[in-house]
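Trainee: Model the structure of this input:
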Amino acid sequence: MQWLPPHLLIGIAMLSLVLAMLLAVERTRNLLKRSRWLLLSLAILFLFLTPGEYLPGIGGDLGLTYEGLWHAGEQLSRLLALLASLALLHQQVGTSGLLTGLYCLLGPFAWRETTVVRLLLVLEFIEQKQQVGWREWLMVEKSPVASTNSYHLPMPAWHWWDKLLIGGLLVATLCMAMCL
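Mentor: Numbers count the residues shown, from 1 in each chain. Take a look at the predicted model:
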């Protein structure tokens, strides 16, 4: 999404948000709710700290610029499209499918097991929906993420169409990168 022109990026963000709100309402709401401070801080940083030509009226008096408005819209669109796509993906494949896919994609890296296990623990903790204060996080023996469960990650067999799809996506990405 980094290479997309802004008008196309905003369209993709709106489309992915609408699809996510239709197909994965609960996950999308929770993800956006948890990301609200990130979205707000990103908007404030770009709106008020990007140099450029000041907006007319009260916006310019506050320090808002055309460029800041433009860059804030771009970055927020990227993040919203990413969050909505993640909510859709998580809704469709589930937690085990998401982790299995990540495990397969991180195949060549030595740190893939630790990354997938950490993400699994975070997702498990988030789905428990417990209200935990900061004191409970510091107590090792009563830690909300300390779990005695054993986990099994299903590993489906690779088919020829999986390899073809990933190869096609890599070729398409390379072609887009070379054209831009």
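Trainee: buried sites along the helix or strand encompassing Val117?
Mentor: Here Val117, judged by DSSP states H and E, is contained in helix 112-128. By neighbour count on 16 or more other CB atoms under 10 Å, the buried set for helix 112-128 is Val116, Leu120, Leu121. For glycine as for every other residue, the C-beta is placed from the backbone atoms N, C-alpha and C.
Trainee: Repeat that for stretch 3-23.
Mentor: Leu4, Leu9, Ile10, Ile12, Ala13, Ser16, Leu17, Ala20.
Trainee: Which one among these sits at the bottom for pLDDT?
Mentor: Across the buried residues of stretch 3-23, the member with the lowest pLDDT is Leu4, scoring 81.
Trainee: what kind of secondary structure is it in?
Mentor: Secondary structure, DSSP: H, G, I helix; E, B strand; the rest coil: Leu4 is coil.
Trainee: so what's the spatially closest residue to it that is not a sequence neighbour up against?
Mentor: Leaving aside its chain neighbours, Leu4 sits nearest to Ile12 (7.0 Å; criterion: CB to CB, 6 or more residues apart in numbering). Shown in contact with Ile12 (CB atoms under 8 Å, 6 or more residues apart in numbering): Met1, Leu4, Ser77, Ala81.
Trainee: Over to Thr28?
Mentor: Counting by CB under 8 Å, 6+ apart, Thr28 has contacts Leu17, Ala20, Met21, Leu83, Ala84, Ala87, Leu88.
Trainee: Mind doing that once more with 10 Å?
Mentor: Each residue near Thr28 by CB atoms under 10 Å, 6 or more residues apart in numbering is listed here: 16-17, 19-22, 83-84, 86-88, 90-91.
Trainee: buried stuff in the top helix by length along the chain?
Mentor: In the chain, with assignment by DSSP state H, the single longest helix is helix 66-105. Within helix 66-105, the residues scored as buried using 16+ other CB under 10 Å are 68-69, 71-81, 83-91, 98-100, 103.
Trainee: With stretch 37-51 instead?
Mentor: Those would be Leu42, Ala43, Phe46, Leu47, Thr50, for stretch 37-51 by 16+ other CB under 10 Å.
Trainee: contacting residues for the residue of the chain most remote from its centre?
Mentor: Distance from the C-alpha centroid of the chain, by CA atoms, centre = their mean, peaks at Gly57 (35.6 Å). Neighbouring residues of Gly57 by CB under 10 Å, 6+ apart: Leu64.
Trainee: how close does it sit to Leu64?
Mentor: 10 Å (CB to CB, to the nearest Å).
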